[in-house]
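[1] Any chance you can model this:
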Amino acid sequence: SYFHDVGKLVKPEYFTENMNFERNPHDDLAPTMSALIIIAHVKEGVDLALKHKLNQRVIDIIQEHHGTSLVYYFYQRALQQQEDARAGGKIMNMREEDIPEVGEESFRYSGPKPQTKESAIVSLADIVESASRSLEKPTLQKIEQLVDELVEERIADRQLDECDLTLGELKIIAERFRFTLMTMLHSRIAYPKQETRTLGPREEGLHPDVMAMTRKPATAPPVSAA
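    Numbers count the residues shown, from 1 in each chain. Model (predicted):
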């Protein structure tokens, strides 16, 4: 797990955890180029691992920890630009077929999907930890909801189809993630207090981590317990 994101060392300034937010380098790039840079950190990580002769199991986890998941933020940004171009094209009497189609495959990691339990656990831990940094005023309920949603999204996107994790094991993993996040965010957690007012304070929402968050597909395939 210490090495899974080692490929980010090649272009560290393009990843959220290294930005100072005074200037976002992705603002100057097309969504396809941004996605290409983000996706490339997996291959660059594998190259570094091979160069420094890391264990093959570590290399496999580096290669598999994003599976074939979607770089959702930049995919949605590309779709919005396509929609804006079509709207502008109508004004200029352009043909719709002259506007390039946005292909989802250009915004997905090349895989493979996690092949082992260890690889799947690192994959889940990576996205859970990343997303937890975007929680504003974390509460126990928000942490539980975040973990459950992210695990469900990975299942729905079929990212766990090729490892041998059972639903029972996934339940245990989610419980440990919740416990760990509660420990990590302990000083920030807003514990519930007894309220004398009818209405409690308004809860702030989640802001998606630009690089890490995914979204649940419209329908999830059935999953049977093993």
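[2] just checking, next helix/strand downstream of the least confident helix or strand in the chain by mean pLDDT?
    Considering only helices and strands, the least confidently modelled element of the chain by mean pLDDT, DSSP states H and E is helix 72-91, at a mean of 84. In the C-terminal direction, the helix or strand that comes right after helix 72-91 (DSSP states H and E) is helix 117-132.
[3] From the contact counts, what lies against that following helix?
    Contacts defined by 3 or more CB pairs under 8 Å, 6 or more residues apart in numbering; DSSP states H and E place helix 117-132 against helix 56-64, helix 140-156, helix 167-184. For glycine as for every other residue, the C-beta is placed from the backbone atoms N, C-alpha and C.
[4] Pull out the buried residues from the last one.
    Read it as helix 167-184. Going by neighbour count (16 or more other CB atoms under 10 Å), the buried part of helix 167-184 is 170, 173-174, 177-178, 180-181.
[5] do stretch 43-56 as well
    Taking 16+ other CB under 10 Å as the neighbour-count basis, stretch 43-56 is seen to contain the buried residues 44-46, 48-49, 54.
[6] rewinding a little: which one of the buried residues of helix 167-184 sits closest to Ile143?
    Proximity to Ile143 was ranked across those by CB to CB; first place goes to Leu181, at 5.0 Å.
[7] residue contacts, that closest one?
    With CB atoms under 8 Å, 6 or more residues apart in numbering as the criterion, the residues that contact Leu181 are 128-129, 132, 138, 143, 146-147.
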